[in-house]
Structure formats: structure tokens, C-alpha cells
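Participant: no sequence for this one, just the structure:
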């Protein structure tokens, strides 16, 4: 039976005591030894909070920003539970890249814990995945769409799953996976343990928690919608025709690793070509690229072969690279929450980082929605060699409609010059 009782309130902040370690959290000695061998010595706040709760077998909701160590927060309790009782574990993630990243963490424990994994993701060989499943893995790491494919073909069964993890749950919902997730939740046993991790807390997450989890304990490292404290944020307001010129200046100024976000796949392709013509080493990652191409781009970015990685929001969720110096929002995201996910790619694991956002004069409303979400104003700056602009005045949305941008005519009257429509700008005639 799924509980419809209200969620437990967030726990009080965890005391950040000097010399915190994995000892005293309830982790088995053998697993502690493996953590030491792998140089995991100081737990992050989400690990300190989540591991003891999960080891008790309780359902858990972890609200934390990206780069906070969420993978180990659910991996350690899961490995300990698998060592103590028969059965299997299932991890659902939004993208192929993120699934492969999580699998890399589990591979570090494979020999010491004697536990195999299977990775079920789109774009990869179905035959290879069937071979992995024939080994009877204890852990299945999957994207929702490909797992549904296996369920439909009868190549995987979920009746022995006792531990379920929904990682980056908000992103899975953003990508439209709610129907697949609900079907999977109905396929796994009702007496399972469920751990859900998310950077934000939309209504659909609350729906999942109330209908498919058993009195989950909610632990929140940072309030939903907040941005990484160690990120220095800047905003440039520039005309569309000046964006490329400003980008060239910024890439000359910052010589470290750069992760650049565009709104569309076509935009990612075009800007990557422009950056290469500027003389920089760059690669692109988006859903039109094959799995092999995406892995090559990500591996090249990690190794330093590429200094700049251009990505769309969907593809970016598998990017777990330390010490990214700069995140550039070349285009504003479609949803304010994606701004949080984007800048979370820098300032990971306690390092400082910088995020630069380029906005056009007609995007004042969109920028205001981001600032409302992060509860902060993003400082506006100008480049001495690129003309800065100001946001156009606007009248806010009325009756749920998107905002109108207004422009004064020489007569002094105002006229609508643009209306936001489905993520793009539709320009209206200035005169009837």
C-alpha cells in the first residue's frame, strides 16, 4: 500500500564538525575499508545526512545541488543492503551519460563487493545489454525509455528489486518520463526501499513521494532552487548580433576549461563550428550525436583534448567533470530550473567556479524568473570592447499569457513589438 500521508518535514541542518568521516555512520567494516582504499575519506554533507537514513532501510528524499556527492550517498547503503540480503537494486537516471558515470562509481567496488551491474541505455547495443542481463547482475542502471523496452520484450523482470533509486528525478520529469516512471514504480515490489534525489522540488516530485514512497525522510542540503554558493555569477546584456563577438572576447580572457550551453541542438552545432574557427579546441554534446560521439566528446573534455564543451540542457546531465573553470550560458534556458542545473557544473566538490550568462534586451522577463528562483540578483557587467544594452521595459503576463515587450513610437504611444510564443519570439506588426 502506498502512503498518502504528508511528507516528514526537512531535518535541521547537519552540524559540520571538523574531521567528519564515514566512520560512525553505520557502514560495515568491509565497505569502510574499500572506501579508504578508494580515497573516499571525508563525506560530503549529503552523504553525512543520507547514508545513516538509508542504512536504516527508510525511504529517502535527498534535495541537493549537482556535484554534492549524491551517487555515493545512495551507492554505499545499496551495496551494504545487497551484501546482507538477496534481491536486486534498480537505479533510474535521465541520460545515457549520467548512467555511464554512475556505473563507473559502482565498477570501483565490483571486485571487492562481488557485485555485477548492467547498464540499459538507449543508443547502445541491445545484444550487449542482453549479455549483461544473462550474467544475472545485482544492480541494473537504466534510463526509463530503454528499461521500458526491455520490460515490453520480457528481457528483464523487476519482481526481486528491493532497492530503487530515482536520481536526477526532476530532470527525468522535465524530459517527459513521468508515464514511464509510474509504470516502473508499479512493476517493482511495494515493500521496496526508495531513494529519490533531485536538485529541485517540483509538484510532480511531491506526487511521486506521496503516492509511491513510504513516509520518506526529506533531507535538504540547500533550499530547492538555490544556486551553488561558490559560483561567481555575471550577466552581460548584449544585442543578438554582438553575442558572438562577446563570446570570442570571453574565451580569450578565460583560458581554463569552459562548458557552454545553447538552447537547441542546431545552435550547439553552429556555435561549436564558430569556436573552432576562433582557434579553440571544442566539441559538442547533444541528443543528435551518437552515443560513441558523445562519449568521445566527454572523454576528450575530461582529458584536456578539448578545452571547450558545447552542450544542450538534456545532454549536460551526464557531465561530471571536476574543476570546470567557467560555465557560459550562451542562450538562456527554456526553464528557470535549468539555470541551476547548468551552473552546478562548476564549483563542484568544494572548488570555486564562475558562470557567465548572455541575455538579449528582450529577455528581461526570462532573466527575472531565474533571479526569482535563485533568490538573488545576478550582477550586470559590461565588456569594454562590446557595447552593452539594457532590458526593454515590459508589462508582465496577464491571465497566464506570456509577457509583451513594448516600444515607444515617435508619437509617444507604446506598441507591442514582440510576444513570447513557445520558446521563440514572434514579432508583431508595429502598425495596424
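Facilitator: It's in. For clarity, every value in this text was computed on a predicted model and none was experimentally measured.
Participant: and the gap between residue 27 and residue 40?
Facilitator: 11 Å (CB to CB, to the nearest Å). From N, CA and C alone the C-beta is placed, and that goes for glycine too.
Participant: got it, and residue 337?
Facilitator: The gap separating residue 337 from residue 40 is 30 Å, by CB to CB.
Participant: Going by how many neighbours each has, rank these two and give me the top one.
Facilitator: Neighbour count, other CB atoms under 10 Å: between residue 337 and residue 40, residue 337 has more, with 23 against 18.
Participant: Please, where are all the helices along the stretch 251-400 of the chain?
Facilitator: For the stretch 251-400 of the chain, the helices defined by DSSP state H, counting those that start in this stretch occupy 265-277, 291-303, 313-316, 336-343, 364-374.
Participant: shaky segments in this protein?
Facilitator: For the chain, the stretches flagged by pLDDT under 70 are 1-19, 66-67, 222-229, 315-318, 320, 347-351, 394-432.
Participant: the domain parsing of it - what is it?
Facilitator: Split into domains by automatic domain parsing, the chain comes to 29-220, 231-374, 394-427.
Participant: got JSON lines for those domains, with distance to residue 383 too?
Facilitator: Listed next are the domains of the chain as JSON lines, based on distance: least, CB to CB, whole Å:
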{"stretch": "domain 29-220", "distance to residue 383": "28"}
{"stretch": "domain 231-374", "distance to residue 383": "6"}
{"stretch": "domain 394-427", "distance to residue 383": "24"}
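Participant: closest one to residue 384 among those?
Facilitator: domain 231-374 (9.0 Å; CB to CB).
Participant: any idea which helix is longest in this protein?
Facilitator: helix 70-84 (DSSP state H).
Participant: Contacts for the following helix or strand past it next, please.
Facilitator: Per DSSP states H and E, the first helix or strand lying C-terminal to helix 70-84 is strand 88-92. Contact with strand 88-92 is made by 74, 78, 81-82, 99, 102, 137-144, 147, 158, 160-167, 172, 181, 184, 188, as judged by CB atoms under 8 Å, 6 or more residues apart in numbering.
Participant: Need the distance between the two termini of stretch 103-114.
Facilitator: Between the opening and closing residues of stretch 103-114 lies a distance of 15 Å (CA to CA, to the nearest Å).
Participant: Buried residues, that stretch. List them.
Facilitator: 103, 105, 106, 109, 113 (16 or more other CB atoms under 10 Å).
Participant: can I get those in CSV with distance to residue 265 and secondary structure?
Facilitator: Conversion of the buried residues of stretch 103-114 to CSV gives the following (distance: CB to CB, whole Å; DSSP: H, G, I helix; E, B strand; the rest coil):
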residue, distance to residue 265, secondary structure
103, 25, helix
105, 29, helix
106, 30, helix
109, 36, coil
113, 39, helix
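Participant: quick revisit: can you check which of the domains of the chain gets nearest to residue 387?
Facilitator: Nearest to residue 387, of the domains of the chain and by CB to CB, is domain 231-374 at 6.3 Å.
Participant: Straight-line length of that closest one, end to end?
Facilitator: Using CA to CA, one end of domain 231-374 lies 12 Å from the other.
Participant: Can you give the distance of that domain from its chain's centre?
Facilitator: 14 Å (CA atoms, centre = their mean, to the nearest Å).
Participant: again, but for stretch 21-38
Facilitator: 28 Å.
Participant: returning to that earlier point: packing partners for the longest helix of the chain?
Facilitator: Where contact means 3 or more CB pairs under 8 Å, 6 or more residues apart in numbering; DSSP states H and E, helix 70-84 is packed against helix 29-37, helix 45-55, strand 60-63, strand 88-92, helix 96-107, helix 110-113, strand 161-166, strand 193-198.
Participant: out of the ones you listed, deepest packed?
Facilitator: Sort the helices and strands packed on helix 70-84 by mean neighbour count, taking mean count of other CB atoms under 10 Å, and strand 60-63 sits at the top with a mean of 26.
Participant: Tell me who's in contact with the closest residue to residue 35 other than its chain neighbours.
Facilitator: Leaving out its chain neighbours, the residue that sits closest to residue 35 by CB to CB, 6 or more residues apart in numbering is residue 22, at 5.5 Å. Contacts for residue 22 (CB under 8 Å, 6+ apart) come out as 32, 35, 40, 41, 43, 47, 51, 76.
Participant: and what of residue 366?
Facilitator: Per CB under 8 Å, 6+ apart, neighbours of residue 366: 332, 336, 359.
Participant: right, and the domains of the chain - which one's nearest residue 381?
Facilitator: domain 231-374 (5.1 Å).
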